[in-house]
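[1] Would you be able to build a 3D model of this:
(3 chains)
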Amino acid sequence: MTAVTDRQKLSYIASQAADARVNVELETEGMTLNIGPQHPATHGTLRIVAQLDGEQVIRAEPMAGYMHRGYEKLSEVRTYPQITTLVNRIDWLGSFANEVPFILAAEHLMEVEAPPRATWIRTLLFEMSRVAHMILFLGDMGVQLGAVTPVFFAFRDREFVLDQIEKATGGRFHPNFDRIGGLKDDLPKGWIESTKDSMQTVLTFCDQIEDLLLGSEIFQSRTRGIGVIPKDVAMQYGLSGANARGSGIDWDLRRDNPVGLAYPDLDWKVWTHPDGDSFSRFWVRLQETREAVKMIEQLCDGMPSGPIMAKVPRIIKVPAGEAYVATENPLGEMGYYLVSQGGLTPFRLKIRSASFNNVSIAPWLLRGVYVPDIITILGSLYFILGDIDR
Amino acid sequence: MGLGLVESGKMPKPLTKLLNTARSYSVWMYQWGLACCAIEMASAMGSPRYDIMRLGVIPLPASPRQSDLLVVSGTVTDKMAPAIRRLWEQMPDPKYVISMGSCANCGGPYWDSYSVTKGVDQIIPVDVYVPGCPPRPEALLEGVVLLQERIKHENPAERWTGEPIVVQ
Amino acid sequence: MADDSTATTDAPGDGSSEEIVPAEPTDERREAILADLRAGLGDAVLDTHIDPGRDVWARVSAESWAETAEVVRHRMGAKYFGFLSVIDWLPSPYGRSMDASVDTVLAVESGDSSGEDDEPEEMQHGVAGGESRFQVFARVASIGVPGEHWGITVKADVGESLSIATWTNTFAGADWHEREAWEMYGIEFVGHPGLRHIYLPGDFEGNPLRKDFPLIARMVKPWPGIVDVEALPEVPEDGPAGEADATAGDASSEDSP
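    Below you'll find the model as predicted:
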């Protein structure tokens, strides 16, 4: 058991005390509150059933499955090149990032290595999808607290990043750009310069969000000390990404296990925050967006030249074997456990998506909070329904 | 419309035209965002670059009971289908449905999945299908324009069944 | 001890490694991990496999599945729960009939003999071996200290009883994963606080991820995959533009009332 900070202890005691007080003074009939399956605050179709005692949640249970599309079964009847199309859509905001670990797993089993330029472009687009993803989070978090302006800013500035992704890949949303052994195409002419320009927009957006939200007293009081996840619990539930780093876990697959991507060549920093509350998760994501912009600029400057495709057979058959490859996706650890028996299709593809683990903590986390905080906490955990339900 | 004039089909032509034009530019749109397409729909609603409101479509109504248009955007699963049906039943007549994206049109990339409904038109009638995976926000705008064309030229009596709202 | 086990189980992935390193590559760090696991579990570790420099697997007996969780978490310090799932090693009884016609073309081109789907194939287990049709596997990792990150995949055979101990007592996060595995494969996790549907509607019949669960849509009407690349209708050289416009115009005028 890791040490629990005083803050966590205090908030625990406070919630116990609140429990007792509610029970004695304001005893009410139990009530069940249903949120969803379609609710603006649930990022899609998560349904939450909460048993309430007055304003306090006794037990809350997210009901997943409204977006279950059966990726794992479908990938058993698709060829490897077809699967990239499919996995794009798991975490639909960070589409390109979904392709990469799958391609890396297949490449690992085939013992193919993408040329350096392909690796760099992959890393570049990976970080750009992170930026596009995080911009929406930063704007959306305001909506959860009643501040509507940031989300309009987010949709405005996100377009500039999507434009760049579209210019390079042809797909604004689901690029399907990654191939086993490299990439579909090289970058278009003049792309590097316009990307750097769009990154300036992102930095301005980050500053605006910081001004608009971070310093706001309302924002702070709604998020500080709310939804505290201790380090030990975060590990048990397998939280990853900014949710883990917001709980003080110094762990980032980009630094700790950078398989097949260009992260070791870059100068960047892993941000953590010791508090583990909603605020710290927001703060970590804000810093990560800036860090990603920093990385994109370095990637643009240091882009090596050379081919973008390794030599691979025309018909992709992956030799028998098993591999687990995970990358640090915008939402956290996204991994593919690929089992091949030498055929045209995978024998089994276990998709370890970040949001599934990140949201599985919700029943534990929502116990004892107040109703308005459900929305804040879920907003700060940040999930994509396709990534939970797969 | 009151007094059963519209339902009876005996409305004078100029009045019908006026009514239809007015209706086509004041569509309250209930957004049923389900999957990837929901983000593109949100871009169409929230991003200044697309700005769906300039077409006379008003997003984010308080409830389906005060909306005219349902946009189903994204994959409809068998688990979700009853909820969509129930929501559609709550909408007052005349009501319109836009099915946005391949998944809502026909199942899309999940055509062989065990849990996906192969098209929202299996549970509710659809007026406009917007193809794409996901369609760009412009494509949704185009779909809205097509729907407005349809509203302008339709006979309101056929739409205006005046059936009561069914809620289980 | 760890050495011979890697040598025996390496067979599938072995063929290609020889071109890079002539001798059997070793991975002392991962062998130390396995040694630690053996020290904790003893004979319960049935088989192991190391992918040098990348990953490590261990197969434990079904009886020691719960104990494995305790050992990896408390003794070995792999406190991070990655995921838990199941593999069904049964060769798909539907063979290539589940494939689109475009894939069958590919299969013939590539000389894939599995085109004859009539004869049942033999069950073929992956790394670290196996005995039964279903195997649970879970991944845990030791994280938090930069540079010291490692992960291990542990497997266990699920016998005929289709039940195995739960991990929820050690890793609370295993809750949802076990519900998913129960729903998708019908494996019961003894001691789980509430095995109920997580993804599918309550009245769903069958366990979809089992290999013998058919995808009905494919059975009813095979996907005519090749349609997408069908050649465009031939247009005479002289007036392609005019004709194309005319047809487009016709179509649109029909549409508008």
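[2] all helices in chain B, in order from the N-terminus.
    Applying DSSP state H to chain B gives helices spanning B:5-8, B:13-24, B:36-46, B:81-90, B:102-106, B:137-153, B:156-159.
[3] nearest to chain C, of the ones you listed?
    Closest to chain C of the helices of chain B, according to C-beta to the nearest C-beta: helix B:137-153, at 5.1 Å. To be clear about C-beta, it is placed using only N, CA and C from the backbone, and glycine gets the same treatment.
[4] Give me the contact list for the closest one.
    B:17, B:20-21, B:23-25, B:27, B:40-41, B:43-44, B:47, B:49-50, B:52, B:55-57, B:69, B:71, B:73, B:96, B:98, B:100, B:127-132, B:135, C:256-257 (C-beta atoms under 8 Å, 6 or more residues apart in numbering or on different chains).
[5] follow-up on the earlier one: ok, of the helices of chain B, where does mean pLDDT dip lowest?
    Of all these, the minimum mean pLDDT falls on helix B:5-8 (a mean of 72).
[6] May I have that helix exported as CSV, CA atoms only?
    C-alpha atoms of helix B:5-8 as CSV (Å, rounded to 0.1, in the frame of the first residue of the first chain):
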residue,chain,number,x,y,z
LEU,B,5,-57.0,22.2,-41.0
VAL,B,6,-53.6,20.9,-41.9
GLU,B,7,-54.5,17.3,-41.1
SER,B,8,-57.6,17.5,-43.3
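[7] what distance separates it from the middle of the whole chain?
    Averaging C-alpha positions (C-alpha atoms, centre = their mean, to the nearest Å) puts helix B:5-8 23 Å from its chain's average.
[8] Same question for stretch B:50-69.
    Centroid displacement of stretch B:50-69 relative to its chain, using C-alpha atoms, centre = their mean, is 10 Å.
[9] Stretch A:140-150 too?
    Distance, centroid of stretch A:140-150 to centroid of chain: 19 Å (C-alpha atoms, centre = their mean).
[10] And it, what's buried?
    Buried residues in stretch A:140-150, counting neighbours by 16 or more other C-beta atoms under 10 Å in any protein chain shown, are found at A:Asp140, A:Met141, A:Gly142, A:Val143, A:Gln144, A:Leu145, A:Ala147, A:Pro150.
[11] and that stretch, does that touch chain B?
    No: using C-beta under 8 Å from any C-beta of the partner chain, stretch A:140-150 stays clear of chain B, with a minimum separation of 9.5 Å.
[12] One more: stretch A:204-215?
    No: Stretch A:204-215 stays clear of chain B (C-beta under 8 Å from any C-beta), getting no nearer than 13.4 Å.
[13] low-confidence ranges in the stretch 151-300 of chain A?
    Nowhere does the stretch 151-300 of chain A drop to pLDDT under 70.
[14] Around chain B, pick out the residues from it.
    For the stretch 151-300 of chain A, the contact set with chain B under C-beta under 8 Å from any C-beta comprises A:Val151, A:Phe152, A:Phe155, A:Arg156, A:Arg158, A:Glu159, A:Arg172, A:Phe173, A:His174.
[15] please redo it, this time with the cut-off set to 7 Å
    Taking C-beta under 7 Å from any C-beta of the partner chain as the contact definition, the stretch 151-300 of chain A meets chain B at A:Val151, A:Phe152, A:Phe155, A:Arg156, A:Glu159, A:Arg172, A:Phe173, A:His174.
[16] Mind checking which of these land in helices?
    Reading helices off these with DSSP H, I get A:Val151, A:Phe152, A:Phe155, A:Arg156, A:Glu159.
[17] residues near the residue of the stretch 101-250 of chain A found nearest chain B, how many?
    Here the residue of the stretch 101-250 of chain A nearest chain B is A:Phe155; by C-beta to the nearest C-beta that distance is 3.9 Å. Residues lying near A:Phe155 (other C-beta atoms under 10 Å in any protein chain shown) number 24.
[18] Can you point out the buried residues in the host helix or strand of A:Lys196?
    Assigned by DSSP states H and E, A:Lys196 falls within helix A:191-209. For helix A:191-209, the neighbour count (16+ other C-beta under 10 Å) marks A:Trp191, A:Thr195, A:Ser198, A:Met199, A:Thr201, A:Val202, A:Phe205, A:Cys206, A:Gln208, A:Ile209 as buried.
[19] separation between the third one and A:Asp252?
    If I follow you right, that is A:Ser198. Going from A:Ser198 to A:Asp252 by C-beta to C-beta, to the nearest Å gives 24 Å.
[20] Which residue is the nearest non-sequential neighbour of the closest residue to chain C within the stretch 201-350 of chain A?
    Nearest residue of the stretch 201-350 of chain A to chain C, counting by C-beta to the nearest C-beta: A:Tyr237, 3.5 Å away. Leaving out its chain neighbours, the residue that sits closest to A:Tyr237 by C-beta to C-beta, 6 or more residues apart in numbering or on different chains is C:Gly173, at 3.5 Å.
[21] A:Arg69 too?
    Nearest residue to A:Arg69, sequence neighbours excluded (C-beta to C-beta, 6+ apart): B:Tyr110, at 4.9 Å.
[22] Over to C:Ala165?
    Per C-beta to C-beta, 6+ apart, closest to C:Ala165 is C:Ala66, 3.8 Å.
[23] thought the one you found was touching C:Ile164?
    No: with contact defined as C-beta atoms under 7 Å, C:Ala66 does not reach C:Ile164; the gap is 8.5 Å.
[24] Of these two, which one has the most company?
    C:Ile164 (25 against 20).
[25] Does anything pack onto the helix or strand where the more buried one lies? Which helices or strands?
    C:Ile164 belongs to strand C:163-165 when elements are defined using DSSP H and E. If you count contacts as 3 or more C-beta pairs under 7 Å, 6 or more residues apart in numbering or on different chains; DSSP states H and E, strand C:163-165 packs onto helix C:65-70, strand C:188-190.
[26] Is there proximity between the next helix or strand after the longest one and chain B?
    Which is helix C:65-70. Counting by DSSP H and E, the next helix or strand C-terminal to helix C:65-70 is strand C:80-88. No: counting by C-beta under 7 Å from any C-beta, no contacts exist between strand C:80-88 and chain B, the nearest distance being 14.9 Å.
[27] can you list contacts of strand C:80-88?
    Defining contact as C-beta atoms under 7 Å, 6 or more residues apart in numbering or on different chains, one finds that strand C:80-88 is touched by A:235-238, A:339, A:348, A:350, A:352, C:133-143, C:151, C:167, C:171, C:173-174, C:177-178, C:181, C:185, C:187, C:209-211.
[28] which among the residues of the stretch 151-300 of chain A next to chain B end up buried?
    Those of these that meet the buried threshold are A:Val151, A:Phe155, A:Arg156, A:Glu159, A:Arg172, A:Phe173, A:His174, by 16+ other C-beta under 10 Å.
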